[in-house]
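>>> Need a 3D model of the following:
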Amino acid sequence: MQLFYTVRPGDTLFLISRRWELPLDSLIAANNLSAPYTIFPGQQLSIPPGVNLIRVRPGESVFSISQAYGVPQSVIIGAALR
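Model prediction:
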């Protein structure tokens, strides 16, 4: 399943790549971005294939993970049930 992330105010490619725990170059390449790598709120970024697992930290919930990664709660719940 292809995942997409919706850019929010204050996001940078570096912060998004850290959040998803993937190399910055992979995020740039997956979205065919070129210098100066400008992104804007509301833009949909493709998350490179192979990213389908995150480490849940103490205190996180489906809602907080949904908000942090910009993924619908139903997608997270569906993936957890597999």
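>>> list the contacts for residue 37?
Neighbour list for residue 37: 13, 28 [criterion: CB atoms under 8 Å, 6 or more residues apart in numbering]. The way it works is simple: take the backbone N, C-alpha and C, and place the C-beta from them, glycine included.
>>> and if you look at the one 10 residues further on?
Contacts for residue 47 were tallied using CB under 8 Å, 6+ apart; they are 2, 3, 4, 5, 20, 22, 27, 30.
>>> Report pLDDT for the last one.
The one in question is residue 30. For residue 30, the pLDDT comes out at 90.
>>> before we move on, back to that, just among the contacts of residue 47, which is most surrounded?
With neighbours taken as other CB atoms under 10 Å, the top of the contacts of residue 47 is residue 27, carrying 23 neighbours.
>>> what secondary structure does it sit in?
helix (DSSP: H, G, I helix; E, B strand; the rest coil).
>>> Name the spans of this structure whose pLDDT lies under the cut-off.
1, 50-53, 82 (pLDDT under 70).
>>> Check the spacing between the nearest residue to residue 11 once chain neighbours are set aside and residue 59 real quick.
Leaving aside its chain neighbours, residue 11 sits nearest to residue 39 (6.7 Å; criterion: CB to CB, 6 or more residues apart in numbering). Distance, residue 39 to residue 59, by CB to CB, to the nearest Å: 29 Å.
>>> which of the two has more neighbours?
residue 39 (15 against 6).
>>> The more buried one: what's it in contact with?
With CB under 8 Å, 6+ apart, residue 39 has these contacts: 7, 11, 12, 13, 33, 45.
>>> I'd like the distance between it and residue 78.
27 Å.
>>> now swap in residue 58 and tell me
In terms of CB to CB, residue 58 sits 23 Å off from residue 78.
>>> who has more neighbours, these two?
Taking other CB under 10 Å, residue 58 and residue 78 do not tie; residue 78 has more neighbours (11 against 4).
>>> All the strands of this protein, residue numbers only.
Assigned strands in the chain, in chain order: 3-6, 44-47 (criterion: DSSP state E).
>>> So which bits of the last one are buried?
Taking 16 or more other CB atoms under 10 Å as the neighbour-count basis, strand 44-47 is seen to contain the buried residues 45, 47.
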